[in-house]
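[1] here is my input; please provide its structure:
(4 chains)
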Number of protein chains: 2
Amino acid sequence: MFGCVRGRKSSREKILDAAAELVGEIGAGRLTLDAVAERAGLSKGGLLYNFPSKESLLQAMIQRLVDEVSSEKEALRAQMTPSRNLEAKLCTAALLKMCVGGKMKEIATGMLAASSENPRLLEPVRHVVKDTLEKLQTTSEDPDASLLAWLAVEGLRSMEMHDISPFTDADRERLIEAIGRLLEKGIAEQAA
Amino acid sequence: MFGCVRGRKSSREKILDAAAELVGEIGAGRLTLDAVAERAGLSKGGLLYNFPSKESLLQAMIQRLVDEVSSEKEALRAQMTPSRNLEAKLCTAALLKMCVGGKMKEIATGMLAASSENPRLLEPVRHVVKDTLEKLQTTSEDPDASLLAWLAVEGLRSMEMHDISPFTDADRERLIEAIGRLLEKGIAEQAA
DNA sequence: GTCTATATCAAGATAGAC
DNA sequence: GTCTATCTTGATATAGAC
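    Residues are numbered from 1 along each chain as shown, chains lettered A, B, ... in the order given. Coordinates of the predicted model:
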């Protein structure tokens, strides 16, 4: 948003990157300020200048996660022509784009770190999820299909986040195609 | 399985129950042996007699989670008549039964605790997930619908587990119905 | 804005009594 | 099989120099 000028990352961003990486590598519960500081290339004192407590760091990780998904969604909205179940297409496409790129594991792990330390830190996520559900239910031409599509992508995201996803790239492509069909065509009325 | 005679719970079971409850209440990262011991009604020494390390406790939590879902699935299989996309129906029904009863949050949190402490402890879950995907892909009449249904339930489970689920009981009932239709009828061929 | 040094505390694990 | 007491480590956070 701001510090993105020519690859020069601010300390804050370097710290957030380091923390996200570490959660994926060593587990949410082992995320220590020492490890984050070392990975980010500064001292613990320097880290604590940027984030006065571990909780504030976790809070920032969650906020960044929420913001990145949201801005990905809005970027897609700008490109997208009005279409059936638009909101569900935006949600699923935004999340899938990050899942397939492999970026999701790195970003979503902020949820694990925050949840591990203090479940209340997930409040911003809870809020987004609630809003998403309401939007899907009120604006979709086919709310059931939209809900299924969104939940399926959340299922995938959850597996990627915990690093238990058995899906190959081909599986993912096929899944994306199936979700597209579901949102475009809906659930069949006639028996198969 | 064994100690289930007339409500007389073994220490092991009381400890596992206590740990599962605590993760939901205070967060995976705050799960301490002291807290578990107190909740289970014994001393830390007594706890460490039953589980010689914290890791062995977490391992047992994961194994219990895997076993409970698996035996729920097999119980359903015994009742079910052969039908379209059977394996997907069993998976989704087993998981949904636990989600709707509210038991899921209590049980699945073992995943959070294990993942938090040591992501490798999720290996049994990884194995089950891989097996499930293979079974769905090879035995389903409609693999795409089966995969979508399974992932959707996993998405719901994930939200329940992190306590960020915005769904009402009515929402869940409707979702169950939609999943049933998807597995029975498939994705539509014609446009809506 | 970043560093070092240190205070403080919580948590896992051990030893041995009962 | 369960208890109490204790050891030891590792992690957050503070204080103050540069």
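[2] please make it C-alpha for all contacts and neighbour counts, starting now.
    Fine.
[3] just give the nearest non-adjacent residue to the residue most central in space within chain A, would you?
    With distances taken as C-alpha atoms, centre = their mean, residue A:108 lies nearest the centre of chain A, 4.8 Å away. What sits nearest to residue A:108 in space, not counting adjacent residues and going by C-alpha to C-alpha, 6 or more residues apart in numbering or on different chains, is residue A:161, at 5.9 Å.
[4] that neighbour and residue A:109 touch, don't they?
    Yes - taking contacts as C-alpha atoms under 8 Å, residue A:161 lies within contact range of residue A:109: 5.9 Å.
[5] looking at these two, which has the bigger crowd around it?
    Using other C-alpha atoms under 10 Å in any protein chain shown as the criterion, residue A:161 and residue A:109 rank with residue A:109 on top: 27 against 21.
[6] buried residues of the helix or strand the more buried one falls within, list them for me.
    Residue A:109 belongs to helix A:103-117 when assigned by DSSP states H and E. Neighbour counts over helix A:103-117 (16 or more other C-alpha atoms under 10 Å in any protein chain shown) mark A:104-117 as buried.
[7] and the longest helix along chain A, what does it pack onto?
    The longest helix of chain A (DSSP state H) is helix A:54-79. The contact analysis (3 or more C-alpha pairs under 8 Å, 6 or more residues apart in numbering or on different chains; DSSP states H and E) places helix A:54-79 against helix A:11-26, helix A:86-100, helix A:103-117, helix A:123-139.
[8] okay, those in CSV with distance to residue B:127 and mean pLDDT next?
    What follows is the helices and strands packed on helix A:54-79, written out as CSV (distance: least, C-alpha to C-alpha, whole Å; pLDDT from 0 to 100):
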stretch, distance to residue B:127, mean pLDDT
helix A:11-26, 19, 95
helix A:86-100, 21, 94
helix A:103-117, 19, 90
helix A:123-139, 29, 98
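[9] doesn't residue A:94 make contact with residue A:69?
    Yes - contact criterion C-alpha under 8 Å: residue A:69 and residue A:94 qualify, at 6.6 Å.
[10] so which of the two has more stuff around it?
    Taking other C-alpha under 10 Å, residue A:69 and residue A:94 do not tie; residue A:94 has more neighbours (22 against 19).
[11] report the contact partners of that one.
    With contact set as C-alpha atoms under 8 Å, 6 or more residues apart in numbering or on different chains, residue A:94 has these partners: A:69, A:72, A:73, A:76.
[12] and those residues as TSV, adding pLDDT?
    Output for the contacts of residue A:94, formatted as TSV (pLDDT from 0 to 100):
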residue	pLDDT
A:69	95
A:72	95
A:73	97
A:76	97
